[in-house]
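**Student:** below: sequence and its predicted model.
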Amino acid sequence: NAGVTQTPKFQVLKTGQSMTLQCAQDMNHEYMSWYRQDPGMGLRLIHYSVGAGITDQGEVPNGYNVSRSTTEDFPLRLLSAAPSQTSVYFCASSYDTVYEKLFFGSGTQLSVL
Amino acid sequence: DQQVKQNSPSLSVQEGRISILNCDYTNSMFDYFLWYKKYPAEGPTFLISISSIKDKNEDGRFTVFLNKSAKHLSLHIVPSQPGDSAVYFCAATNQGAQKLVFGQGTRLTINP
């Protein structure tokens, strides 16, 4: 049972490049979300999804795009990377809602030069 | 506007003693609170939670206390062990929000 799998673990981008951070879970969870962790800021919600075909914005959605075509996958797209998007990104899922515990992936460390 | 605040970036405690981590919130609509623990190079893991209808919840060495009038919660770890050294995040949500709001985190170091 793999849980929540994020790829890649590390990525370096140049300003203006685009890329997709992958997230997959094998627990049949309906709720999935993306967070970024920055020093002194804690974890901030970027986007979330309550089921296939349904997504919504979190606290810091600008510059990011998501889609949820299957229950298992929830990719995060950076449209045109900026240095301010240098961060550690975590994908998380739960069975139904945030009232249940979230299972987090191990994170993607992204640097934008 | 930081709705959930952990004002102590770090805390150092001797092994065997009590660790107390604090968290304050400003949104009176929050009705469910959680603590997550994070080791370096890993994702956070769920530790313990409490509903606003309770003022205390225990799970082994971990107890969370909620003071709704003060909008304050705390996590007590007794006795503290070296494996408890990690960053602890408190988080809050409310009915229908589908969003967790996290604090900044407190780095706990347990000294032998």
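**Tutor:** Noted; the coordinates are in hand. Residues are numbered from 1 along each chain as shown, chains lettered A, B, ... in the order given.
**Student:** the residue in chain A that chain B sits nearest to - how many residues pack around it?
**Tutor:** When scored by Cβ to the nearest Cβ, chain A has A:Phe104 as its residue closest to chain B, at 3.0 Å. C-beta coordinates here come from the backbone N, C-alpha and C atoms, glycine included. If you count neighbours by other Cβ atoms under 10 Å in any protein chain shown, A:Phe104 ends up with 23.
**Student:** show me what counts as buried in the helix or strand where A:Arg36 lies.
**Tutor:** Using DSSP states H and E, A:Arg36 falls within strand A:31-38. Of the residues in strand A:31-38, those scored as buried under the neighbour-count criterion (16 or more other Cβ atoms under 10 Å in any protein chain shown) are A:31-37.
**Student:** give me the contact status of that strand with chain B.
**Tutor:** Yes: interface with chain B: strand A:31-38 contributes A:31, A:33, A:35 (Cβ under 8 Å from any Cβ of the partner chain).
**Student:** for chain A, which segments are assigned as strands?
**Tutor:** A:4-7, A:10-13, A:19-25, A:31-38, A:42-51, A:54-57, A:64-66, A:76-78, A:87-94, A:103-104, A:108-112 (DSSP state E).
**Student:** now the ones you listed in CSV, with mean pLDDT?
**Tutor:** Output for the strands of chain A, formatted as CSV (pLDDT from 0 to 100):
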stretch, mean pLDDT
strand A:4-7, 97
strand A:10-13, 97
strand A:19-25, 98
strand A:31-38, 96
strand A:42-51, 94
strand A:54-57, 96
strand A:64-66, 97
strand A:76-78, 97
strand A:87-94, 97
strand A:103-104, 96
strand A:108-112, 97
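**Student:** can you add distance to B:Val101 and give these back as a markdown table?
**Tutor:** Formatted as a markdown table, those follow (distance: least, Cβ to Cβ, whole Å):
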| stretch | distance to B:Val101 |
| --- | --- |
| strand A:4-7 | 20 |
| strand A:10-13 | 27 |
| strand A:19-25 | 21 |
| strand A:31-38 | 11 |
| strand A:42-51 | 8 |
| strand A:54-57 | 14 |
| strand A:64-66 | 18 |
| strand A:76-78 | 19 |
| strand A:87-94 | 14 |
| strand A:103-104 | 16 |
| strand A:108-112 | 22 |
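**Student:** so for B:Pro9, which of these sits nearest?
**Tutor:** strand A:42-51 (10.8 Å; Cβ to Cβ).
**Student:** so what strands line up beside that closest one?
**Tutor:** strand A:31-38 (antiparallel), strand A:54-57 (antiparallel) (DSSP bridges).
**Student:** contacts for that strand?
**Tutor:** Residues outside strand A:42-51 that contact it (Cβ atoms under 8 Å, 6 or more residues apart in numbering or on different chains) are A:30-38, A:55-61, A:64, A:66, A:68, A:71, A:74, A:76, A:89-90, A:97, B:4, B:6, B:44, B:89, B:91, B:98-105.
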